[in-house]
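Asks: Just the structure for this:
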Amino acid sequence: MYKIAVIGTGYVGLVTGACLADFGLTVTCADVDELKIEKLKRGKIPIYEPNLAALVKKNTRQGRLKFTTSKEQCIRESDIIFIAVGTPSRSDGSADLRYVEEVAGEIGTHMNGYKVVVSKSTVPIGTGQRVKRIIREHTGHPFDVVSNPEFLREGAAVKDFMHPDRIVIGSESEWATQIIKDVYRVLYLNEIPFVVTNIETAEMIKYAANAFLAMKISFINEMANLCEKVGANVTDLAIGVGKDGRIGPKFLHPGPGFGGSCFPKDILALTKTAQEHDSPVTLVETAMRVNENQKCKMIERIQAKLGDMSGKKVAILGLAFKPETDDVREAPSLAIISKLNELGAHIKAYDPKALDEARKRLAHVENIVFCHNEHEAVSGADALVIMTEWNQFRNLDLARIKRSMNGSSCFFDFRNIYQPDKMKKLGFDYDSIGRNIKEAS
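Replies: Sure, this is the predicted structure:
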C-alpha cells in the first residue's frame, strides 16, 4: 500500500488528499501554515466546498488522513509526493513558481529512497523538467517526476475528483506511470479513461482546456450582446448551438464575465508562454479582452438606467465568482462594485458563503454594507443586481422584493435567472443579457 504526501492544503491539495484517503490510501497533507493545520486536525475546513468537510472528518477519524507542518517527515515517510502549492500570477502575467521550486528543493534534500513526485499544481509547460533538475541537484536517490493536472470545478470538486472525465498522466517512466495508475485504481475499475502522454503535453492539456472553456464563455457573451442589437434571444441561440454535438451546451451561459482562481490566471500564464516561444495565441488573448469588456458593459447598463450614480443605492446579490463556493478571486462582482462605488453609488451586498472573503477583497471600497440576507440588501435599494446564480436567488419573493425597493424597481439579472415577460408584468424595470427582444432594424 502506497503512502502518499500532499504538500499544500489549499483548494487543490485538500481536495486531493481527502479524496485519495477516501480511496483507501494513507495520506498526509503538509502545510507551513500552523494555524490552518491545527484547524484541519480539528476538522475545521478553511474553504467552502460541498461535501469536503464530511470527507475530511470521515477519513481523519478513520486514520487514513493526517495533517502536519513537518514537510521533512512527510517526504521521508511517503512513496508518492503530490506538489499542490499555489502558482499565483506575477505582474507580467507569468506564473510565480517560487513555491513549486522551494518544495522541489525540499523533496531533494529530504529524500531517502525512490519517490514519485507528482505535479498537481497548475504550472507552465516545462515546469516538470525544472522540478526534475532541482531535485537532482539535491539528491543522489532515484526518482521520477509526473504531471497529473487537476480539472476540478469549484463547487463540484469532490464530485469531479470521484467521477472525472479523464485522468491525465504525463510521465517519462513506465514504472511511475503504473504507480499513478495504481493510485487511481478505483477510477480505473470504474472505466474512467486514462490519457498517458509526456510531461509537457500533460502540462499543456490543463492550460488548453481552461483556455477553450474561457473562449466559450467570451463567445456566448459576445453573441448575447449582438442578440440585443438584432432582436434575437441568446437563451434560444445557446440551445440551438449547444445541440450541435461538435459544440455541446456547457459554458454557453451569458453573464458578467468569468472569474475565479483558474481561468484568468491560467490564460495569462499561457499567453506569456506563447509569447516567449514566439507563437501567439490570439484567440485566447482576445477572450480575455472580451471578458474585461463584459464587466464594463455591465456597469454601463446600470448607469444607463440609473443616470447619475451619486448616492444611488445598489443591492448586489452574489459576490462569489460562481455558486457553491466562497471564492471571490477575480470575480466580476469585485470590479463592478469598485467601479460603481467610484461613480458615487452606495452598495449593499449579500452572498450566502463569500461574505468574509469579499470583505477582505473590498476593504478599499467606501460606502459598502455587507448584509445578512437578500432582503436586508434590497431594502431601500434603487437597483438590484444578481451577480451570482445561487439557488436561493432563483426563487426570490419578488412581490416582497419590489415592495422593499425604493420605487424605481430596476432589476438587473446578469445571470438570466428570470423570465423577462413575467418580471415586466410584476412591474420591474427588468434587464437581462441577450434577451431584451427588440425589432431588428
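Asks: from here on, contacts and neighbour counts on C-alpha atoms
Replies: Will do.
Asks: Can you give me the domain assignment for the protein?
Replies: Annotated domains of the chain cover 3-197, 210-432 [automatic domain parsing].
Asks: Residue 203 is nearest to which of those domains?
Replies: Between residue 203 and the domains of the chain, the shortest separation by C-alpha to C-alpha is 5.4 Å, and it involves domain 3-197.
Asks: between the domains of the chain, which one is nearest to residue 204?
Replies: Residue 204 lies closest to domain 3-197 among these, at 6.0 Å (C-alpha to C-alpha).
Asks: what residue is smack in the middle of this structure?
Replies: residue 260 (4.0 Å; C-alpha atoms, centre = their mean).
Asks: Would you quantify the distance from it to residue 388?
Replies: Going from residue 260 to residue 388 by C-alpha to C-alpha, to the nearest Å gives 12 Å.
Asks: Now for those two: what residues contact both?
Replies: Both residue 260 and residue 388 are in contact with 321-322, where contact means C-alpha atoms under 8 Å, 6 or more residues apart in numbering.
Asks: Worst mean pLDDT across the helices and strands of this protein, which element?
Replies: Least confident element among the helices and strands of the chain, by mean pLDDT, DSSP states H and E: helix 185-189 (a mean of 88).
Asks: On the C-terminal side of that one, identify the next helix or strand.
Replies: strand 194-197 (DSSP states H and E).
Asks: related to what we said a few turns ago, would you reformat the domains of the chain as a markdown table and include distance to residue 203?
Replies: As requested, those are exported to a markdown table (distance: least, C-alpha to C-alpha, whole Å):
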| stretch | distance to residue 203 |
| --- | --- |
| domain 3-197 | 5 |
| domain 210-432 | 11 |
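Asks: contact partners of the strand or helix carrying residue 336?
Replies: Per DSSP H and E, residue 336 falls inside helix 332-342. Helix 332-342 has contacts (C-alpha under 8 Å, 6+ apart) with 256-259, 295-296, 298-299, 309, 318-321, 328, 347, 358, 361-362, 365-367, 387.
Asks: Are any of those residues buried, and if so which?
Replies: 256-259, 295-296, 298-299, 309, 318-321, 328, 347, 358, 365, 387 (16 or more other C-alpha atoms under 10 Å).
Asks: how about the helices in the stretch 301-441 of the chain?
Replies: Using DSSP state H, counting those that start in this stretch, the helices of the stretch 301-441 of the chain run over 332-342, 355-361, 374-378, 398-404, 420-425.
Asks: what's the most buried one of those helices?
Replies: Among these, the stretch with the highest mean neighbour count (mean count of other C-alpha atoms under 10 Å) is helix 374-378, at a mean of 22.
Asks: SS state for residue 27?
Replies: Classification of residue 27 by DSSP: H, G, I helix; E, B strand; the rest coil places it in strand.
Asks: Is it bridged to anything, and to what?
Replies: residue 4, residue 65 (DSSP bridges).
Asks: where's it relative to residue 114, distance?
Replies: For residue 27, the distance to residue 114 equals 18 Å [C-alpha to C-alpha].
Asks: Compare those two (neighbour count), which wins?
Replies: Neighbours per residue (other C-alpha atoms under 10 Å) separate residue 27 from residue 114, with residue 27 holding more: 29 against 14.
Asks: give me every residue that touches the more buried one.
Replies: Neighbours of residue 27 in contact, by C-alpha under 8 Å, 6+ apart: 3-6, 17-18, 20-21, 64-66.
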